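Asker: please work out how this folds:
(chains A and B)
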Amino acid sequence: MTGGPGGEPVIRLSSAAFTYRGPPPVAALKPTSMVIYRGEHVAITGPSGSGKSTLLNLLGLLDKPTQGSIEIDGIDVGAAPERERAAVRAHRIGFVFQSFHLLPYRTSIENVMLAQVYADEPRRRRYASAMAALAEVGLDHRAHALPTALSGGERQRVAIARALVNRPSLLMCDEPTGNLDTATTLELTDLLGSLHRAGTTLVVITHNPVVASRAQRQIAIRDGELAEISRVTPQPATGAPVPLPGAGATGPPPAPPETLPPADRAPGDEDTHAFPEE
Amino acid sequence: MRFPRSRRRPGAVPPSRLRLRDLGSEALAGLLQRPGRSALTLLGVMLGIGSFVAIVGIAQTASGQIGKQFNVLQATQAFVFDVGARQSSHPAVDFPPDADALAERIHGVVAAGIYWPVRFKQAAVSGFAGGFLASQHSMPVTAASPGLLAAAGVRLVTGTLFNQFHETHAQNVAVIGRAAAASLGITSLQGQPAIFIDGQPFTVIGISASSQRLPQLDVGVTVPASTALRLWGAPAQEPAQMLIRTRIGAARIVAEQAPVAIRPDNPTLLKSAAAPSVGQLQHNVSTSLNSLFLTLAGIALVVGAVGIANTTLVAVLERAAEIGLRRALGARPRHIGIQFLTESTALGLFGGLIGASLGVLTILGVTIYRHWTALLDPRIVVAAPVAGAAVGLLAGLYPALRASLLEPADALRR
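Answerer: Numbering: from 1, shown residues only, chains lettered A, B, ... in the order given. Sure thing, here's the model as predicted:
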């Protein structure tokens, strides 16, 4: 097994590929291997049609790989029956979408509580945990507002609260700032950063370089291949402290780059990261 | 506020679920999202179920009314015909002299009596014995046993009816109808007025009012059967027959038993008939009256079902993103399917409930307007919403299947 730079793997892709059944068949994702460790903040970037969404759908168990395997928390979910994949989605993955996907007729807290239905949270506990999740994104004061009464940034915060409420192993964000203006994008990026510092494992698909630059790792995808993997220095919000794992985080997250300059790292480190040898 | 972090071990992930209560509230929320559309959708089922209930109820009420009208007369009477006399070459009466008493012994009989019309070659009834005042009236003369007057329900204006004494002694007494009395110039029984029938004097002992069962008695003269037999012999063209008044519901059974009871030695001489029973009448009425309307209601129901199917299908397509979201939140395909199935079933159920209520109101309106007694089988009121729900369930099957088969990745892209 591969021991990452601290922490256990949350997601492991082993030669996973996805081909849209034709005609003609389109290889949206070529065989790919990579590992995302607990506590990591990973950005996946790439132009439209590069296979970003396909990768996200595979990582989020919304699609099954046509070959290879996917493990989440050590469970092989690539070929698992839908029952098991749905259970993993309900309990281990939180989704944040570009278009928010809030139900327009429900208040913020009702939208958050929807995630608890399928995770089978007891009804009497739902309100309190949904309110706690809203408080975490700083929106508990808008708990009873309809999405139509919220700004874009607020809507995305509600969506993040919904993704967090079941305490997933992984937060999967698909262009989370795609529908937001620059100022709101920065606010949201700060929120994601603070969630990461509190211990959340983040996978953010984006083509916004500012958003991507906050990640510890950037994975570029082009024509269905992970073409470039770079470790960048995270740029925390102005005046923000050096990112540290939140108290109570499970396992040590990857060491912050400030304490571990890239030069000190083994050259093959990133490759090991992305293409662990089996 | 710090959120507790997960501390997860590989393996045991509890399955995702959709509890019954959550299913109910999610489905209801789905319907209430678009209340206008939901209302319009259940309109079809509402109309179908409503017209079913209204048609069945009005039919039951109407046949109840028809039954009521028949109840009063036909359902409580039976006739026994003298078929032996009809077939024989010479005039005869095949009823024994004590036929009334024999018939009244049958369980369920209130009164029974025989009668036949007495025919004369020319008008035979006169108020005077002779002279120029003795103009002849052509009014019907009926020979009747005393029991007949009771069976026919003859009521008196004044005087008395003839009885077994008059019958036994074949006395020349007569009961005349009110109309006949007027044309004969008899207004009072004081002084024992007499009339002449075919030259024979008869004492008028009673003036009768009306008889619903034998209206011909009102305009004519009724004399004891034995007297008629003694004076004019057995009837030739129109043989005697017996009218039996029974208790409600007994007519058919009494009719079956009467020939044997009256002529146990040769029951084939007599033939009996009763009015069709109330139940049979109601059945005939409802089937003939309603098959067309029930067909129309059925069509309305089918249209309603198609409406639900259509709306649910549109909702599935329209709510694809919601379906994708729910799948991303951990819903299994069956959770999605059963939610839409519940929504369509609820639509049908509500349509059935409202339709049944409107149907009952329609029945009430019609019956109040017609001054009828409203009749409705309570089972129909209970069955109507169930039928509506069944229609909704059937209509939702295909859309629910479509919804459950949506790929979450595709659905989220919409």
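Asker: can you show me the helices along the chain?
Answerer: All of this refers to chain A. Along chain A, the stretches classed as helices by DSSP state H are A:52-59, A:82-92, A:108-118, A:123-136, A:152-164, A:182-197, A:209-213, A:269-274.
Asker: let's do chain B instead
Answerer: Counting by DSSP H, the helices of chain B are B:20-33, B:35-72, B:83-87, B:99-104, B:146-151, B:164-168, B:178-184, B:225-232, B:251-262, B:278-318, B:320-328, B:333-370, B:378-405, B:408-413.
Asker: can you put the ones you listed in a markdown table and add mean neighbour count?
Answerer: Placement of C-beta: from N, CA and C, glycine included. Formatted as a markdown table, the helices of chain B follow (neighbours: other CB atoms under 10 Å in any protein chain shown):
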| stretch | mean neighbour count |
| --- | --- |
| helix B:20-33 | 16 |
| helix B:35-72 | 20 |
| helix B:83-87 | 16 |
| helix B:99-104 | 22 |
| helix B:146-151 | 25 |
| helix B:164-168 | 16 |
| helix B:178-184 | 18 |
| helix B:225-232 | 21 |
| helix B:251-262 | 21 |
| helix B:278-318 | 17 |
| helix B:320-328 | 24 |
| helix B:333-370 | 22 |
| helix B:378-405 | 19 |
| helix B:408-413 | 21 |
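Asker: could you point out which of the helices of chain A sits nearest chain B?
Answerer: Shortest separation from chain B across the helices of chain A is recorded for helix A:82-92, at 2.3 Å, computed as CB to the nearest CB.
Asker: could you list the low-pLDDT ranges of chain B?
Answerer: B:1-11, B:65-73, B:128-135, B:275-290 (pLDDT under 70).
Asker: in it, what residue lies closest to chain A?
Answerer: For chain B, CB to the nearest CB, closest residue to chain A: residue B:330, 2.3 Å.
Asker: hang on, that residue packs against residue A:85?
Answerer: No: checked against CB atoms under 8 Å, the pair residue B:330 and residue A:85 is beyond contact range at 9.2 Å.
Asker: quick revisit: mind putting the helices of chain B into JSON lines with distance to chain A?
Answerer: What follows is the helices of chain B, written out as JSON lines (distance: least, CB to the nearest CB, whole Å):
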{"stretch": "helix B:20-33", "distance to chain A": "5"}
{"stretch": "helix B:35-72", "distance to chain A": "10"}
{"stretch": "helix B:83-87", "distance to chain A": "81"}
{"stretch": "helix B:99-104", "distance to chain A": "76"}
{"stretch": "helix B:146-151", "distance to chain A": "76"}
{"stretch": "helix B:164-168", "distance to chain A": "87"}
{"stretch": "helix B:178-184", "distance to chain A": "80"}
{"stretch": "helix B:225-232", "distance to chain A": "88"}
{"stretch": "helix B:251-262", "distance to chain A": "64"}
{"stretch": "helix B:278-318", "distance to chain A": "12"}
{"stretch": "helix B:320-328", "distance to chain A": "5"}
{"stretch": "helix B:333-370", "distance to chain A": "6"}
{"stretch": "helix B:378-405", "distance to chain A": "10"}
{"stretch": "helix B:408-413", "distance to chain A": "4"}
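Asker: which of the ones you listed sits closest to residue A:50?
Answerer: For residue A:50, the closest of the helices of chain B is helix B:408-413, at 16.0 Å, according to CB to CB.
Asker: how many residues are close by the residue of chain B closest to chain A?
Answerer: Residues lying near residue B:330 (other CB atoms under 10 Å in any protein chain shown) number 29.
Asker: what's around the spatially closest residue to it that is not a sequence neighbour, how many residues?
Answerer: With CB to CB, 6 or more residues apart in numbering or on different chains as the criterion, residue B:330 has its nearest non-adjacent residue at 2.3 Å, and that residue is residue A:90. If you count neighbours by other CB under 10 Å, residue A:90 ends up with 27.
Asker: which residues does residue A:90 contact?
Answerer: For residue A:90, the contacting residues are A:115, A:118-120, A:166, B:16, B:329-331, by CB atoms under 8 Å, 6 or more residues apart in numbering or on different chains.
Asker: ok, residue B:15 next?
Answerer: A:83-84, A:86-87, A:120 are the contacts of residue B:15 under CB under 8 Å, 6+ apart.
Asker: pLDDT below threshold where in chain A?
Answerer: A:1-6, A:227-278.
Asker: mind picking the two most distant members of the contacts of residue B:15?
Answerer: A:84 and A:120 (14.8 Å).
Asker: so what sits opposite residue B:137 in the bridge?
Answerer: residue B:125 (DSSP bridges).
Asker: by neighbours, which of the contacts of residue B:15 wins?
Answerer: Within these, most neighbours by other CB under 10 Å means residue A:86, with 28 neighbours.
Asker: my read is that that residue contacts residue B:330, right?
Answerer: Yes: Residue A:86 sits in contact with residue B:330 when judged by CB under 8 Å, with a separation of 5.1 Å.
Asker: so what's in contact with those two at the same time?
Answerer: A:118, B:16.
Asker: skip the chain neighbours and tell me the closest residue to residue B:13.
Answerer: In this structure, residue B:13 finds its nearest non-sequential neighbour in residue A:87, 4.6 Å apart by CB to CB, 6+ apart.
Asker: that neighbour contacts residue A:166, correct?
Answerer: No: Residue A:87 is beyond contact range of residue A:166, at 11.3 Å (criterion: CB under 8 Å).
Asker: and the gap between residue B:90 and residue B:255?
Answerer: The spacing between residue B:90 and residue B:255, counted by CB to CB, to the nearest Å, is 28 Å.
Asker: ignore what I typed, I meant residue B:389.
Answerer: Per CB to CB, residue B:389 is found 47 Å from residue B:255.
Asker: same check on residue B:87?
Answerer: Computed as CB to CB, the residue B:87 to residue B:255 distance reads 20 Å.
Asker: which ones are touching residue B:254?
Answerer: Counting by CB under 8 Å, 6+ apart, residue B:254 makes contact with B:78, B:106-109, B:244, B:246, B:274.
Asker: repeat that for 7 Å
Answerer: Each residue near residue B:254 by CB atoms under 7 Å, 6 or more residues apart in numbering or on different chains is listed here: B:78, B:106, B:108-109, B:244, B:246.
Asker: how many neighbouring residues does residue 125 have?
Answerer: Since no chain was named, I'll use chain A. 10.
Asker: if you could check chain B rather than the one you did, that'd help
Answerer: Residue B:125 has 24 nearby residues by other CB under 10 Å.
Asker: isn't it right up against residue B:118?
Answerer: No: using CB atoms under 7 Å, residue B:125 is not in contact with residue B:118; the gap is 10.4 Å.
Asker: pull up the overlap in contacts between these two.
Answerer: By the contact definition CB under 7 Å, 6+ apart, residue B:125 and residue B:118 are jointly contacted by residue B:141.
Asker: any idea how far the residue of chain B closest to chain A lies from residue A:150?
Answerer: 24 Å.
Asker: same deal with residue A:171?
Answerer: 20 Å.
Asker: these two - which one has more neighbours?
Answerer: Legend: neighbour count by other CB under 10 Å for residue A:171 and residue A:150, higher for residue A:171 (22 against 19).
Asker: list the contacts of the more buried one.
Answerer: A:94, A:96, A:163, A:195, A:200-202.
Asker: quick check: residues of the stretch 1-150 of chain A near chain B?
Answerer: A:57, A:60, A:62-63, A:73-75, A:82-83, A:86-92, A:95, A:97, A:101, A:103, A:105, A:114-115, A:117-120, A:132-133, A:135-136 (CB under 7 Å from any CB of the partner chain).
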